[in-house]
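*Asks:* got a predicted structure here, sequence first:
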2 protein chains.
Amino acid sequence: MKKRGDFTLPGEAGYEKLTLELAEKWGADMIRDSDGTQLSPELLQAGYGIYSTVCVIREHNEWARENRDKLQQTFLMAGPVTAEDDCVEIELLKDYFSQQFSVNTSPESLELWQVTDRTTEEILPREAWEYHEKTGCVSVKDVKKWHRYSVNFLAYRVWEEISMYNHITNHWDKEHLMQIDPRYEETQEYIFAWMRRWCESHPATKVVRFTSMFYNFVWIWGQSEENRNIFTDWGSYDFTVSPLALKLFEQKYHYALTAEDFINQGKLHVTHMPSGQKKKDWMEFVNDFVIGFGKQLIDIVHEYGKLAYVFYDDSWVGIEPYNGRFEEFGFDGIIKCVFSGYEVRMCAGVPVKSHEIRLHPYLFPVGLGGLPTFAKGGNPTLDAKKYWRNVRRALLRQPVDRIGLGGYLHLTQDYPDFCDYIEQAADEFREIKRLHESGKPYTLKARIAVLHSWGGMRPWTLSGHFHESDSHDLIHINEALAGMPVEVSFLDFQDVVDGKLKDFQIVINAGKAGDAWSGGEAWKDGRVVAELTRWVYEGGTFIGVNEPSATAGYDTYFRMAHILGIDKDMGERVNHGKWQGRDADGIEFCGLIPKGTSLPVNKEIYVYCEDTQVYLKEVGSVQYSVNYVGKGQGIYMSGFTFSPENNRLLLNTILSVCKESGKEAYLTENVNVESAYFPVADTLVFINNSPDVQQVSVQHKGQEVVEELQGFETRMIKLGADDSCR
Amino acid sequence: MKKRGDFTLPGEAGYEKLTLELAEKWGADMIRDSDGTQLSPELLQAGYGIYSTVCVIREHNEWARENRDKLQQTFLMAGPVTAEDDCVEIELLKDYFSQQFSVNTSPESLELWQVTDRTTEEILPREAWEYHEKTGCVSVKDVKKWHRYSVNFLAYRVWEEISMYNHITNHWDKEHLMQIDPRYEETQEYIFAWMRRWCESHPATKVVRFTSMFYNFVWIWGQSEENRNIFTDWGSYDFTVSPLALKLFEQKYHYALTAEDFINQGKLHVTHMPSGQKKKDWMEFVNDFVIGFGKQLIDIVHEYGKLAYVFYDDSWVGIEPYNGRFEEFGFDGIIKCVFSGYEVRMCAGVPVKSHEIRLHPYLFPVGLGGLPTFAKGGNPTLDAKKYWRNVRRALLRQPVDRIGLGGYLHLTQDYPDFCDYIEQAADEFREIKRLHESGKPYTLKARIAVLHSWGGMRPWTLSGHFHESDSHDLIHINEALAGMPVEVSFLDFQDVVDGKLKDFQIVINAGKAGDAWSGGEAWKDGRVVAELTRWVYEGGTFIGVNEPSATAGYDTYFRMAHILGIDKDMGERVNHGKWQGRDADGIEFCGLIPKGTSLPVNKEIYVYCEDTQVYLKEVGSVQYSVNYVGKGQGIYMSGFTFSPENNRLLLNTILSVCKESGKEAYLTENVNVESAYFPVADTLVFINNSPDVQQVSVQHKGQEVVEELQGFETRMIKLGADDSCR
C-alpha cells in the first residue's frame, strides 16, 4: 500500500504526462512551478495542491525602468590606486561587472561617497575630489605621492543576482531582471497592488512561496571572468542600503552610518567575522522593515485564502528566522534548500507550522558547484544518494514536515534510476516522519552548547552552504552534531554572562582567532572568561577547536588556556620552554580515538599546563588533549573535518564526558553506520553513510544481532518483532 | 713548508706533550686556558702567546657570600593562579629552579612587586596582598572568584648560569658560582682591585679574554626537569635589573620602569618581537653602564701591557658591538663561537682590530644540543666537517683574523682523524685569509638590505645560534646570504624613513606577522609604506618572505600587498573571490627555480593583483611569485629553509633582479658547490657543501674545465696556471 503526501513536485507545462506519473510514483500531494517553468491548466486542475513561487522584487522591469532611482543599491569600493603623481584618477566600476552595477550619481548619493588615503586611513575632505560622469572616474588632487587612494561610492544593482546567476550559468537569453527597493513608499504601493493582482489571477494556488522577501544575500560580481566572484556572503546585509534607508536609520538610532561602515576597508563585513554594534543595529533596522512590510504582503495572501511560505534562501536577508521575531510575519511555512544535515536542523527549528526541505540535486543540467548533474558526465542518482545520506542523519534527530524538488522535471526522463531512488527516499522520509510522530528518539544526557558570536540568532549555519564555508572547523562540527543523538543549542557571549551555562554540560568553541566562531574580541570580556572558568571548575567541559577563545593582549593567547591546558604561541614564546604534557595514549581513553582520525598539525600550539594529557600528537604539536580542572575539564582539538572517524571521535568525547555508554544508544563499533532508537515505536534505525556494504552488530534481548547493510542503506528494525521492518 | 699562526689552541695542564704536539700540527701561535682547564708553567713558558679567560662577575664567591645583596637579579612572575575562593595563595618560586633563584625580600624590592588580575589585566593595590617569608607565598585577599592572579617579584640569581649549565650538563661537582652585580659601587671597587691583582699574578698572559662583560643573556630555569628551560634569550636584558639600576634609570630618563615592563604578562621580551621605546631606553641605559665600567677594566689590562679581547657570547649583554659605540670600550679583539656562516659575518664586521672565531665542535664530551661529541656515539670529525662547511662559505666572503678551539684538549687523544681534519681546516683558513689579503672577492652588483626591527644594530643574527632560532625564515636567509657573492646590509624602519633605500637594489623583509623580523607595528607608519612604494616604482625589488609587512588594521594585511601582488587573508576575505595570478611556469624564468626547491604551503595566502606571476603553487596557495610594479617588482616567497636548492633559488632571484649572469661570478650549475673568485690573486675557490663527490664545470680561457670535488672538499684553482693549486 503506497504511502502518499508531504512531497512537493516541480511540474512543467508541456510535460503533463511525466508530471502526473512522477507525482504518483513519488507520492506527491503538491505541484509547484519553479524559476523558469510554468504550470499548464491541465496540471493546475489535476487535483493536486498548487504551490506557486513569487519573487516580490523582480519581474517588474517595466515599473523598474520608469523608477530607476528606486532600484536596490549597494556600496562599493574602487581602488585603492597608487598615486604616482600628485593627482590620481580612480575608475569606479573598473573591477565590477558592468551588467550588475550602475553608479548612483544623485546628490544624496554623492554626499555619502568617501575618498580615503588607505596608506594612512585618512578620509579626504569633499573638496579634494571630483566625479566625472563622462569617464566614470573620481579624480583626486594634491594627493600624497605613493600613497594609495580608494573611493567608497554607491551603485544601483541593475540585474537581480539570482536571475543573473541562472542567466549566465544556464545560458538564458531573457531580459535582465531588475530588483526594486521596497524601502520607497512608491515601490510599496506598486507591490501591494501587484500582490493583490497576483492573488486574483492565481485562483488555483494554495501556497504562495515567497522567494524570499526583498533583499538578496550579498553577491558582488567582478568584470574579469578570472575573478567573477568578488564577494559572496549569505548572511550579510550590504544589499539593503540606500540614501533613504540611511536617513531613516539615523532618525531612529540617532547616529549616522557612513559608507565606510559598510565598506570596511574593502573587506566588507563577512558573516564569519564578529559584527560590531553598528552592524547589529543595521540588521535590526532592516529586520524591522522587512517584518513590517512583509507582514502586509502575507496578510494580503491570507486575505485570498492562500497560505504563505517563505524560501529560506536567496532574498532571505532581513528575515532572520531565529531572532525571536519571525512569528510576527505570520508565515505558514518555511522552505529550505538543503545539501547538508545542518541545513535540515536549521529549517526544522524555525518557529512556524510547516517545515519543508528542498532536496538536491535540483533538476538542472549543472549543480551549484558548477559540475554537470542532469547532463553528460553527471550522475544524479549518486548525487541524490549522497545528499540524502547527509539529510537523513539529521532527519533522524529532528523531523521536518515535507520534502520536495525543484527545477525542470523533464530532465529526469533519461534517468529512470534517479526516479526510482527519489521514490525510495520519499518513502523513507515518510517513514522517519511517522517514527517521530510516535515519540522522540533516544538522546544522550549531555546537553551541548556551541558558543560563538552569533549564538542562537544564527544556529547551525555559518554562512551559506557547506561547500561555501568548509574552511571553517565549525561547519564540520555542526554537520557532525546535526546527526548525533545529542541536544544542541547555540549561545553567544552575552548568554554566558547572563548565566545560561547552567543548562549545559558541554560548551564547544571552534574557530580561528578573531573570527565569529572563535569569538574574537568577545574574549576580552573578563566576565566571559571567569564565568566559563567557574562552570568548568564546577563540572563543565569546555571543548576548544583550532583557536578557541583566542585574542591578543593577555598573558595567554587562548583566554581559556588555563582550562584547555594548551595555548598558541604568537611569537612571544618562541624562546620559552614548553611542557610536553602527559602522554596518555592507550591509558585511560582506550577506544576514545578511532583508527583513521585525522586532526591537523599546528606547530605553534603548545602544552600550557604541566598535567595536560596529550592523546594524539606529532612532535612539537598537540592535536587532541584533555586537561582536568576542578570537577570539569578542558578538551582541545587542533581542528575538525567531517569524516566518519572524526565524527565518532567527537561522539566518543561526548560519551566520555558524560560517562555514558554508546551501547545504551545502540551505537555500534562501525563508524560508517549511525543509528537512532525510537523508544515508543521500539524501532531502531541504522543508516549506512558509506557506499559500501557494512556490518554492524547490536545486542538485542541478550543476543547479538548482526546486520549487513548495503551501501547507503536505511534499515529500520522493529525491536519487538523478530524481523526487521524494511 | 708548514704555514703557521692565527690559531688559538686550548692547552691543558697535565697534557703538556699533547698540547705542544697539537700546537705544532695545527700551526698554533697562541695557547689558551678554558673554563675548567688551566695552563701549567711548562705550557706558559713554551714560547707561545698566552691567552687567558677571565669572567669578571663570577669566581668571587667569598665576596659574594658577604654581599648577598649585591648579587645579580631578575624579575620573575609567579602564577597566574585561579582564585577558587575569595583569597588566593601564590608560591613565588614554585615553578623556578630553586638552585638558581632566591626571592629578594628587601623593602626596595617589595616596592617593585606587582599583583595583577590577569583576567582583566588590573594591577591590585599594595594593601590587597602580603608576602609570607615563611611559606614563600604571596596571599591576596578579597579577590574576584575565578579570576587569575599573578605576582611580579624580584629574585636574586644565586648560581651563575653558564657555570650552572656546565655543572649540570657535565656533572661538575664544584661550588656553585654566584654572580656579583657591578652596578653597586662596592662591587666596582672590589672588581677593580681584583682586576689589578689578576694582571699582576698573570705575567705570562698576553691576551686577557673577557667572558664577556657583566650580564648574561637571559636563561631562566624551571624546577621541573620536564620543563627545565623556562626562558632563554640571547639578546634580552632582563638579567641587568636591580632596584638600584631602576632608580638610576628613573633619574636619567625621567620616568620609572615597573616590574611589568619586564614581565610583560609573563611573556618577557623575546628578541624575536619588536621592542618598544622603554626596552630601547633600558638597553641604552645598560649599554652606557657596561661601556663606562668595562672601559675602566680594559684600561687596567692595557696598563699591564696586555691585550683585551671580548668573547661575543654568554655575558655579552650590554656590549652591542654594532650600535656605534663599541670602539669606546678600547678592546683589541673580539672572539665569537660559531656554528654557522652568519656568525662568522657577525664577528667579522665588528669594528675592532682582531676578529677570532671559535670553531665547533668544542672539545667537550657533549655538544650544546645535548648530543655526544667526544664520547661514545659521537663523530667529532664529521661534526667538524659540517661546521667548517658552514663557516667556510662565509669566510670566503669576509675574512676573520684568527680561528681557535676551546675545551679539554685531552679529549682529542682518541680521535686522530679529528686532529688531521683540524690541521687541514687550519691550513685552508690561512689560505683563504691570504687570498683576502690579495684583494676582495668578486661580488655581484646587487646591494641587498635586510629590513627588520633591529636593523644594523643586530645584523646577521636573530637571537643566539641557528638551532635556537631555526623556526624563523630569516635565520635561514641570513645563513644563505652569509656565503653568497653579494653585499648585505641591515636596515631598520627608521632607516627607510631616513632615505637609506637609495643605496640598495633589493630589500628583503622576512618574518611572521608581528615579529621583529617582519616588523609588526612599524608597518603602521605610512611613511615606511610610501617610501618603499616609491623605491619599488623607481626600480627597487622588495622580496617578502612568509608574512612580510604584516599588520592588522588596514585594507590589506600585508602593507606591501600592492607591491608583492599577494596578501594574506585573516578571515575577513574568506568570502571574497581571489585572482589566480598568471601562471608563469617555465615561461620567463626558466631556470629560476632549481629542482628540489621546497617552499611551504599556506592556504591563507592569496593573489592580490591580477597580474601577479605565480611560479610555484599548490592549489589555493602561492609559494613564489613576482609582481612587476613601475620599474621595480615585488617578489614573494612563502617561507625559506636553508638548503642547497633554496639557496640557489634565492641567488637566482638576485641574479634575475640585477640581470646578471651567474657565469660572470663562476657560479656553476651544481647547487651543492659554491664558488668564490679572487680577481687580484686570479684564484677560484670551489667548496663542496655536500658529503658526496660533486662535479662542476667552468669556462676558463674559452675551454670547459671539469672539476671533480670530494665530499666537503675545498678546491683552490689558480686560473693563470694550468693546474689547480690544491
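*Replies:* Cool, got the structure. Numbers count the residues shown, from 1 in each chain, chains lettered A, B, ... in the order given.
*Asks:* and the gap between A:Phe490 and A:Lys279?
*Replies:* 19 Å (Cβ to Cβ, to the nearest Å). All C-beta atoms are positioned from the backbone trio N, CA, C, and that covers glycine.
*Asks:* which of those two has more neighbours?
*Replies:* Taking neighbours as other Cβ atoms under 10 Å in any protein chain shown, A:Phe490 and A:Lys279 compare with A:Phe490 leading, 22 against 18.
*Asks:* quick one: classify that one as helix, strand or coil.
*Replies:* Assigned by DSSP: H, G, I helix; E, B strand; the rest coil, the conformation of A:Phe490 is strand.
*Asks:* quick check: closest non-adjacent residue to it.
*Replies:* Spatial nearest neighbour of A:Phe490, chain neighbours left out: A:Pro459 (4.1 Å); criterion: Cβ to Cβ, 6 or more residues apart in numbering or on different chains.
*Asks:* backbone dihedrals for the one you found, please?
*Replies:* Main-chain dihedrals, A:Pro459, degrees, to the nearest 10: phi -80, psi 160.
*Asks:* just checking, it touches A:Asn323?
*Replies:* No - the criterion here is Cβ atoms under 8 Å, and A:Pro459 misses it with A:Asn323 at 10.8 Å.
*Asks:* of those two, which one has the most company?
*Replies:* A:Pro459 (21 against 14).
*Asks:* so which bits of stretch A:494-514 are buried?
*Replies:* A:495-496, A:500-501, A:504-514 (16 or more other Cβ atoms under 10 Å in any protein chain shown).
*Asks:* so which of those residues sit within helices?
*Replies:* The helices in this structure, assigned by DSSP state H, contain A:Asp495, A:Val496 from the buried residues of stretch A:494-514.
*Asks:* now, the most widely separated pair of the buried residues of stretch A:494-514?
*Replies:* Greatest spacing in the buried residues of stretch A:494-514, by Cβ to Cβ: A:Gln505 and A:Gly514 (27.9 Å).
*Asks:* rewinding a little: now, the buried residues of stretch A:494-514 that are in strands?
*Replies:* If you go by DSSP state E, the buried residues of stretch A:494-514 have A:Ile506, A:Val507, A:Ile508, A:Asn509, A:Ala510, A:Gly511 in strands.
*Asks:* possible to save these as a markdown table with distance to B:Gly526?
*Replies:* Shown next, in a markdown table, are these (distance: Cβ to Cβ, whole Å):
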| residue | distance to B:Gly526 |
| --- | --- |
| A:Ile506 | 47 |
| A:Val507 | 42 |
| A:Ile508 | 42 |
| A:Asn509 | 37 |
| A:Ala510 | 37 |
| A:Gly511 | 32 |
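*Asks:* poorly predicted segments of chain A, please.
*Replies:* Within chain A, the stretches with pLDDT under 70 are A:1-2, A:585-590, A:619-620, A:721-726.
*Asks:* which bits of the stretch 151-300 of chain A sit near chain B?
*Replies:* Residues of the stretch 151-300 of chain A found near chain B (Cβ under 8 Å from any Cβ of the partner chain) are A:222, A:224, A:226-233, A:264-268, A:270-273.
*Asks:* out of the residues you listed, which end up buried?
*Replies:* Buried members of those, scored by 16+ other Cβ under 10 Å, are A:222, A:227, A:230-233, A:264-268, A:270-273.
*Asks:* strands - which of the residues you listed land there?
*Replies:* Under the assignment DSSP E, these contribute A:Ile230, A:Phe231, A:Thr232, A:Asp233 to strands.
*Asks:* can you list the residues you listed in a markdown table and add distance to B:Val391?
*Replies:* Putting these into a markdown table (distance: Cβ to Cβ, whole Å) gives the following:
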| residue | distance to B:Val391 |
| --- | --- |
| A:Ile230 | 53 |
| A:Phe231 | 53 |
| A:Thr232 | 55 |
| A:Asp233 | 55 |
